[in-house]
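S.K.: What follows is a predicted structure for the sequence shown.
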Amino acid sequence: MEHPGMRQVAHEINIAVPADTVHRLIAEVGNWPRIFPSVIHVEHEEAPEGEERLTIWETAPTAAGEPRCRPLRRIVEPAKLRINFQHLVTASPVAGLGGAWLVEPLGQNESRVRLLHEFRAADDAPGALDRIGAEIDRSAVAELAALKKNAEREYADAELTFSFEDTVYVDGSAKDVYAFINEANLWSERLPHVATVRLEEDTVGLQTLEMDTRAKDGSVHTTKSYRVTFPHQRIAYKQVTLPALMTLHTGHWTFQDTDQGVAATSQHTVSLNTDNIARILGDTATVADAREYVHTALSTNSLATLNHAKAHAEGRR
């Protein structure tokens, strides 16, 4: 039975992408960091059969945008193009929050996405319900707009978003390699291409990393990332202050024991900013040129970091 203090709201948007593609982007949570600007990383947790339990690391909807994490329960219904969700932890004045994503085909290459919410306030206070409703309205409109923009962008030109990785094998322990990447506060002392670094970890395992890095031409670029750490196996990150040629940069560092030693891997997913290609690379530069330039720049820094991590770990054997 529906709680008498429950309020329901609905938001919708049309997207020029096939319905099954849109549903898949929402259903497969590995897509979320590149589809939704606030999402840093999503991890699957153990769950009862027929449902999903997720931990979502994201930036809070405040002026400071500080990173946080929250648990979410989902039931995905592919045949119905529907995803039901429930927030497992809420903060006052919210006493309960859930809803659903529904995707409706409008044609071969168009769909309508409806985002439903139902919520309660502590003590069912009408004023609190209004405030919660206003925040949900702001959040839903922003999420749907981001989904539309990024889904249409990827569908129109798949070449703009690409992934790659670099791997170095280390004759040492995964713990020592992980420690080198985790201790980013020491990178300005350990890595020649890092000029300055600022690392904060107010919540264990959730880091804010700001760096000034030197390019080959001597210029210095400032970047900011949020990182989620999983000792001593993986560090996931999302860059939120980006170089001019990117609209997105996410990735992860992984450390895995193999017959060849520890496989230390840096993985990147990037979306290009086409508005800046001509300004950065010249009037005749193409998307392919920009892909090569960004790939080379990121790989150069990743391999430099991995090789210094390798020397550090092998020196501690």
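M.R.: Noted; the coordinates are in hand.
S.K.: and residue 293, what is it in contact with?
M.R.: 245, 280-281 (CB atoms under 8 Å, 6 or more residues apart in numbering). Bear in mind the C-beta positions are built from the backbone N, C-alpha and C, glycine included.
S.K.: Hmm, I typed the wrong one, I wanted residue 235.
M.R.: Counting by CB under 8 Å, 6+ apart, residue 235 has contacts 178, 181-182, 227-229, 252-253.
S.K.: domain ranges for this protein?
M.R.: 7-156, 159-315 (automatic domain parsing).
S.K.: looking at the contacts of residue 293, which has the most residues close by?
M.R.: Within those, neighbour counts (other CB atoms under 10 Å) peak at residue 245, which reaches 23 neighbours.
S.K.: if I read this right, it contacts residue 290, doesn't it?
M.R.: Yes: at 5.8 Å, residue 245 and residue 290 qualify as touching, with contact defined as CB atoms under 8 Å.
S.K.: where do the contact lists of the two overlap?
M.R.: By CB under 8 Å, 6+ apart, the residues touching both residue 245 and residue 290 are 272, 277, 280-281.
S.K.: Adding secondary structure, write these out as TSV.
M.R.: Formatted as TSV, the shared contacts of residue 245 and residue 290 follow (DSSP: H, G, I helix; E, B strand; the rest coil):
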residue	secondary structure
272	strand
277	helix
280	helix
281	helix
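S.K.: which ones are touching the spatially most central residue of the chain?
M.R.: In the chain, the residue lying closest to the centroid (CA atoms, centre = their mean) is residue 33, at 2.4 Å. The contact partners of residue 33, taken as CB under 8 Å, 6+ apart, are 39-42, 238, 250.
S.K.: any idea how far residue 125 is from it?
M.R.: Residue 33 sits 35 Å away from residue 125, going by CB to CB, to the nearest Å.
S.K.: Please apply the same query to residue 202.
M.R.: Taken as CB to CB, the span from residue 202 to residue 125 is 31 Å.
S.K.: Of those two, which one has the most company?
M.R.: residue 125 (14 against 9).
S.K.: for the closest residue to that one other than its chain neighbours, phi and psi?
M.R.: The shortest distance from residue 125 to any non-neighbouring residue, by CB to CB, 6 or more residues apart in numbering, is to residue 93 (6.9 Å). Dihedral pair for residue 93: phi -90, psi 10, per degrees, to the nearest 10.
S.K.: which one of the contacts of residue 33 sits closest to residue 166?
M.R.: Closest to residue 166 out of the contacts of residue 33 is residue 250 (15.5 Å), distances taken as CB to CB.
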